[in-house]
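Undergrad: got a predicted structure plus its sequence, pasted below:
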Amino acid sequence: MRTAAPQPLQNRNGAKNALQKEDLPIHGWYRFVLSFPPHLVRQYIAKLNIGVDDLLLDPFCGTGATLVEAKKNRIPSIGCDAHPFAALVSRVKTNWAVDVKTLRATLRRILRRAEAETLGHGLHALSFDAAMLREGASAARNGFQLTEEEEKL
């Protein structure tokens, strides 16, 4: 009796473990290879009928896939992880109260300081972003200038 050759593991589980397009904005910026895929977490939340009146505990939260999905569904959650970097990533992914003004001001301050350091060493500007964020910068500085067509747009 002949049996079919076993399929490679990636063909059987590849789609199940892949990050889905709708999960990229939150889960895509940093993904640990051993983390649960968010759609699997959603399936467990639904199957276990976990809701807003429950408290979801993830004692090995890693980079926070379960905590993010709980937050998206307004389910209170608590997580911890022994690895400090994983815990940091988890906290960042679940902190949605970002003050954009403060964030931009901090970015500008960092770029100005970094650019001053690089220029002080005779190097060119760091990036296009640094040039665009520079307050009061002329359009032609560092070779970045819009064409007439681009200006009209």
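TA: Alright, I've got the coordinates.

Undergrad: can you name the residues that contact the residue most central in space within the chain?
TA: Nearest residue to the geometric centre of the chain (CA atoms, centre = their mean): residue 29, 2.7 Å. Neighbour list for residue 29: residue 93 [criterion: CB atoms under 8 Å, 6 or more residues apart in numbering]. Quick note: C-beta positions are derived from backbone N, CA and C, even for glycine.

Undergrad: tell me the SS of residue 57?
TA: Following DSSP: H, G, I helix; E, B strand; the rest coil, we place residue 57 in the strand state.

Undergrad: for it, which non-adjacent residue is spatially closest?
TA: residue 78 (5.4 Å; CB to CB, 6 or more residues apart in numbering).

Undergrad: likewise residue 34?
TA: Leaving aside its chain neighbours, residue 34 sits nearest to residue 62 (7.2 Å; criterion: CB to CB, 6+ apart).

Undergrad: do residue 76 as well
TA: residue 55 (5.0 Å).

Undergrad: re the thing from before, the residue nearest to residue 34: neighbour count?
TA: Residue 62 is flanked by 20 other residues according to other CB atoms under 10 Å.

Undergrad: how about it, secondary structure?
TA: coil.

Undergrad: next up, the contacts around it.
TA: By CB under 8 Å, 6+ apart, the residues touching residue 62 are 32, 34-35, 81, 83, 86, 90.

Undergrad: per the record, what domains does this protein have?
TA: 20-94, 98-136 (automatic domain parsing).

Undergrad: who wins for proximity to residue 148 among those domains?
TA: Closest to residue 148 of the domains of the chain, according to CB to CB: domain 98-136, at 19.1 Å.

Undergrad: state the mean pLDDT of the closest one.
TA: The pLDDT scores in domain 98-136 average 78.

Undergrad: what of stretch 62-81?
TA: The model assigns stretch 62-81 a mean pLDDT of 95.

Undergrad: for that stretch, the distance to its chain's centre please.
TA: 15 Å (CA atoms, centre = their mean, to the nearest Å).

Undergrad: residue 101: how many residues sit nearby?
TA: For residue 101, the neighbour count with other CB under 10 Å is 8.
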